[in-house]
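Asker: Structure, please.
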Amino acid sequence: MFGLFGKHKPVKIRGFRGGKKYGVAAKDVKELLKKGCKLFQVPLSGARVCLYEDGTTVTEDFFKTLPDNSQLVLLSGEQTWDGVVSDIGQLLNTDRHADGLIEAAKELLCDETSSKRRKILTDLLLNLEDTSELESRAEDEDWFKGVDARFKTKSAYMKFNCESRIRGYVKEVDAAAKTIQGAKVRTAFRKASERMVEMLKAARYNGRYFDRTDKGPDRLCTPEGWFTCQGSFDEEVCRSLHSINPYGSRESRIVFSTWNLDHRVEKKRAIVPALLEALHDRRSADVDLSYFYRLLFTRENLKLVHIVCHKKGAHNLSCDTEKVFGKADKTKRKPGVKKRRLV
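Answerer: Presented below is the predicted three-dimensional model:
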């Protein structure tokens, strides 16, 4: 096994930072550490070696079982190694290698046949070819291809994009009025809808959710423009850790259009029927419309989700009936009479 090296085992060793590897032969871990520390100019005290591929610490017994030319990493102090992930993390923490990574990924992608590796390379290219630091049309013309000329900045367009989605929900609510039986309820519903639209206008249709320049707490992205999937309606977080920066490239902007602002309590199955039920034999003034407004149009009930996390089936979540009625309605009910379940 040891060949020309006699009792010494040949290995490839590298430091914590930098990918340059050196061939070293040692009879045991103690000798390997001594040679490695001298080679990389690090203190021997507290030094240790681990496998490059997964970070497993190399003990004396483990060292004896290693194949020749195993790849090892020399660590010192508080340094830790998580295998290849650590290497990628260090690489992506600097812009110094970005251009080289882009070219290398493109070359690998041309000949790659594995679907998994093709996806990894494609995602890498999508995130590396990033111009998110640019904001105006003059600075990044490619990002604005297909975008109406009236939009001069990325943030202005993204704000409009969010407003358009919210306006779409308004149209869905208005469409429900056509199916209502009874002129009185239909009139009350339309008045309720008009009042909620006034609330939306005052809030500028909540376009701030997608505007990275907004300073308020409701913004859904980082100041750089990164959005993170909030997970399906029945989960606290996204298990797949989906993220995207539509400010980074034209392709990312287009892909982001497939992400959804999903209602946890559903519009058509729960919120609108609950509103209709509340308006029966009541004026719109007697119903807490701010509650329905928050459910229909705000982050109180909306979650930003990747298309994969957008579950189309019934959510089986209902409105909180204790929040539906205004003060006027409470005085009309007899003591001991419970409110009806709305959905």
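Asker: which SS class is the closest residue to D211 other than its chain neighbours?
Answerer: Among residues not flanking D211 along the chain, K159 sits closest, at 4.2 Å (CB to CB, 6 or more residues apart in numbering). C-beta: built from backbone N, CA, C; applies to glycine. Of the three states, K159 takes helix under DSSP: H, G, I helix; E, B strand; the rest coil.
Asker: just checking, K159 touches R208?
Answerer: Yes - the criterion here is CB atoms under 8 Å, and K159 meets it with R208 at 6.9 Å.
Asker: residues near the residue nearest to D211, how many?
Answerer: 23 (other CB atoms under 10 Å).
Asker: Now for it: which residues touch it?
Answerer: Residues in contact with K159 (CB atoms under 8 Å, 6 or more residues apart in numbering) are 207-208, 210-211, 214.
Asker: Filter the residues you listed down to just the buried residues.
Answerer: 207-208, 210-211, 214 (16 or more other CB atoms under 10 Å).
Asker: and A25, that's in a strand?
Answerer: Yes - counting by three-state DSSP, A25 is located in a strand.
Asker: Show me what it is bridged to.
Answerer: A25 forms beta bridges with P10, as assigned by DSSP bridges.
Asker: Give me the pLDDT for the closest residue to F16 other than its chain neighbours.
Answerer: Among residues not flanking F16 along the chain, Q79 sits closest, at 4.9 Å (CB to CB, 6+ apart). pLDDT for Q79: 86.
Asker: ok, the buried ones among the contacts of K159 vs A25, which is closest?
Answerer: Using CB to CB, F210 is the member of the buried ones among the contacts of K159 that sits closest to A25, with 58.6 Å.
Asker: how far away is that closest one from V147?
Answerer: Distance of F210 to V147, given as CB to CB, to the nearest Å: 14 Å.
Asker: got the buried ones among the contacts of K159 as CSV, with distance to T187 and pLDDT columns?
Answerer: Below are those laid out as CSV (distance: CB to CB, whole Å; pLDDT from 0 to 100):
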residue, distance to T187, pLDDT
G207, 30, 98
R208, 33, 98
F210, 35, 98
D211, 36, 98
D214, 37, 97
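Asker: okay if I get these as TSV plus secondary structure and distance to K152?
Answerer: Output for these, formatted as TSV (DSSP: H, G, I helix; E, B strand; the rest coil; distance: CB to CB, whole Å):
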residue	secondary structure	distance to K152
G207	helix	16
R208	helix	18
F210	helix	16
D211	coil	14
D214	coil	17
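Asker: Would you map the helices across the stretch 151-300 of the chain?
Answerer: Applying DSSP state H, counting those that start in this stretch to the stretch 151-300 of the chain gives helices spanning 154-176, 183-202, 250-256, 272-279, 289-297.
Asker: domains for the chain, by residue range?
Answerer: 3-83, 94-128, 154-330 (automatic domain parsing).
Asker: ok, L302 touching L261?
Answerer: Yes - in terms of CB under 8 Å, L302 counts as a neighbour of L261; the distance is 4.7 Å.
Asker: lowest-confidence helix or strand of the chain?
Answerer: Every helix and strand in the chain was compared by mean pLDDT, DSSP states H and E; the lowest is helix 327-330, with a mean of 43.
Asker: Nearest to A314, out of the helices of the stretch 151-300 of the chain?
Answerer: For A314, the closest of those is helix 272-279, at 12.8 Å, according to CB to CB.
Asker: ok, L72 touching L51?
Answerer: Yes - assessed by CB under 8 Å, L72 is found in contact with L51 at 6.4 Å.
Asker: Under the pLDDT cut-off, which ranges of the stretch 201-343 of the chain? List them.
Answerer: Along the stretch 201-343 of the chain, the parts satisfying pLDDT under 70 run over 284, 321-343.
Asker: Number of residues surrounding the residue nearest to F16?
Answerer: Using other CB under 10 Å, Q79 has 17 other residues around it.
Asker: quick one: secondary structure of it?
Answerer: Applying three-state DSSP: Q79 is coil.
Asker: Report the distance from the helix or strand hosting K38 to the chain centre.
Answerer: Element membership for K38 (DSSP states H and E) is helix 29-40. Remark: helix 29-40 is offset 43 Å from the chain centroid, using CA atoms, centre = their mean, to the nearest Å.
Asker: got a list of what the spatially most central residue of the chain touches?
Answerer: For the chain, the residue nearest the mean C-alpha position is T228 (1.8 Å; CA atoms, centre = their mean). Applying CB under 8 Å, 6+ apart to T228 gives the contacts 238, 241-243, 304.
Asker: any idea which of these has the most stuff around it?
Answerer: Most surrounded of the contacts of T228: other CB under 10 Å gives L304, at 23 neighbours.
Asker: Correct me if wrong: it contacts H263.
Answerer: No - applying CB under 8 Å as the test, L304 and H263 come out as separate, 11.7 Å apart.
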